[in-house]
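Peer 1: dropping the sequence and predicted coords here.
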Amino acid sequence: MTSTILQICRRAKEASRILSELPAETKNRALLSMAEALEKNADELIKANKRDVDATRKRGAKEAFVDRLILNQKRISSMARCLREVAELPDPVGEIVKIWTRTNGLIIGQLRVPLGVVAVIYESRPDVTSDASGICLKSGNAVILRGGSEAFNSNVAVGKVLSEAANESGIPEGAIQVVPTTDRAAAVELMGMREYVDALIPRGGADLIKAVVENAKVPVIETGTGNCHIYVEKDADLGQAVDIVINAKCQRPSVCNAAEKLLVHRGIASQFLPRVIEALRSRGVEVRGCEETRGIVADVVPATEEDWYTEYLDLIIGVKVVGGEDEAIDHINKYGTKHSDAILTADFNKALRFIRRVDSAAVYWNASTRFTDGNQYGLGAEIGISTQKLHARGPMSVQHLTTTKYFVLGKGHVRE
């Protein structure tokens, strides 16, 4: 195993040096070829994916989990579209971020450069293979992809199509590599490759992220879980609030920006809760509520302390009645995961206070949390949603996979 991971890392490091100097035209041409190759090989990709989906269903996985795994014509077209959108983004490499002149005549500037080699350890979603490859290529980074066992056949097939198309377009061998094993030892070894890997990004559930953060010896950009909240103030438009809650919870419940908790101001609870709970249940959502919620809608499942911390990734939602905005903010900052949270209110000042005080990567006013997505923000595809505060926060696209270095221009300057 050591030789396999070491060889992958060495190839990636060599490729990263070439990638860092490639012109935008070469990278963009490769991205467009990769998009075309995905669509051209869709039948082959769906066939490989079917083996993964069938095996996962056979193991008795929930359908919400299976949904994250499925590749079909629509999703492959979406993957291709994201690659084309990345190709249209400005190339961040070589951008002069800032430049200034000191009183002694020295010219000092900051230049944007690639990170180098980015490794991604992820679960269940084969579209990550495509998105991560495109974003890393555009930002001048080589990428090493280690997907979960449930999507192994899909990831290998997608990676093969992408790497071959990229190589034919002038991208060096080793720029896009999928780890060809599901052995956990390979992931552990990859986490320790400090000499070769410049940044490691985990994408998946809380257990995966925790394991990577605790065991990695290379720098980690943490993409957190999404225990996302919607708080409904007493002055909110209740019809609009029902629509937003339904969208945030039900449109795609298995993703990290889906709403998991609903907080409702006590002043409208008796009016709003029966209405929103009926709408949720009509869409198959199990509602778990606090004691006050259950006093209004009697047959709600009792919520436990553990519920308030839980990211369900399923058609389940926790509901709590609160006394006002301060209590809602305190609850979110205690139980949330610093991902995406929303306030529904007609009051600008309340919204501004919520935006300032909620400690999350994305905070919404009168909008669904489902918009926390690089594509929805106009960033193109994303490699993940960072919930940490160092290096990047929120959806990470091409500019977030670069760093800067200083350049200093002198005319024989010496320091006195």
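Peer 2: Good, I have the coordinates. Residues are numbered from 1 along each chain as shown.

Peer 1: what number of residues lie near the spatially closest residue to Ala24 that is not a sequence neighbour?
Peer 2: Spatial nearest neighbour of Ala24, excluding adjacent residues (Cβ to Cβ, 6 or more residues apart in numbering): Asp91 at 3.8 Å. (Each C-beta comes from the backbone N, C-alpha and C, glycine too.) The criterion is other Cβ atoms under 10 Å. On that basis, Asp91 has 19 neighbouring residues.

Peer 1: identify the residues contacting Asp91.
Peer 2: Contact partners of Asp91, counting by Cβ atoms under 8 Å, 6 or more residues apart in numbering, are Ala24, Lys27, Asn28, Lys138, Val398.

Peer 1: is it true that the last one touches Ser139?
Peer 2: Spelled out, it's Val398. Yes: if you go by Cβ atoms under 8 Å, Val398 and Ser139 touch, sitting 4.4 Å apart.

Peer 1: name the residues contacting each of those two.
Peer 2: A shared contact of Val398 and Ser139, defined by Cβ under 8 Å, 6+ apart, is any residue touching both; here these are Pro92.

Peer 1: mind listing which of the contacts of Asp91 are in helices?
Peer 2: Restricting the contacts of Asp91 to those inside helices, with DSSP state H as the criterion, leaves Ala24, Lys27, Asn28, Lys138.

Peer 1: pLDDT below threshold where in the stretch 51-200 of the chain?
Peer 2: Low-confidence regions of the stretch 51-200 of the chain, defined here as pLDDT under 70, do not occur.

Peer 1: all helices for it, in order.
Peer 2: Counting by DSSP state H, counting those that start in this stretch, the segments of the stretch 51-200 of the chain that form helices are 63-69, 73-88, 127-138, 152-168, 184-191.

Peer 1: check these for me and report the most buried one.
Peer 2: Neighbour counts (mean count of other Cβ atoms under 10 Å) averaged over each of the helices of the stretch 51-200 of the chain peak at helix 127-138, with a mean of 28.

Peer 1: which elements pack onto that one?
Peer 2: helix 24-40, helix 73-88, strand 117-122, strand 142-146, helix 152-168, strand 176-178 (3 or more Cβ pairs under 8 Å, 6 or more residues apart in numbering; DSSP states H and E).

Peer 1: test my guess that Asp359 contacts Asn333.
Peer 2: Yes: taking contacts as Cβ under 8 Å, Asp359 lies within contact range of Asn333: 5.4 Å.

Peer 1: so the nearest residue in space to Lys411 that is not next to it in sequence versus Tyr406, what's the distance?
Peer 2: Spatial nearest neighbour of Lys411, excluding adjacent residues (Cβ to Cβ, 6+ apart): Gly105 at 6.6 Å. With distances taken as Cβ to Cβ, to the nearest Å, Gly105 is found 16 Å from Tyr406.

Peer 1: check Arg17 too.
Peer 2: In this view, Arg17 and Tyr406 are 20 Å apart by Cβ to Cβ.

Peer 1: higher neighbour count, these two?
Peer 2: Of the pair Arg17 and Tyr406, Arg17 is the one with more neighbours under other Cβ under 10 Å, namely 13 against 9.

Peer 1: and the more buried one, that's in a helix?
Peer 2: Yes: applying DSSP: H, G, I helix; E, B strand; the rest coil, one finds Arg17 inside a helix.

Peer 1: just the pLDDT for it.
Peer 2: Reported pLDDT at Arg17 in the predicted model: 97.

Peer 1: do the same with the one 3 residues further on
Peer 2: pLDDT for Ser20: 96.

Peer 1: residue contacts, it?
Peer 2: Taking Cβ under 8 Å, 6+ apart as the test, what Ser20 contacts is Val93, Val113, Pro114, Gly116, Gly140.
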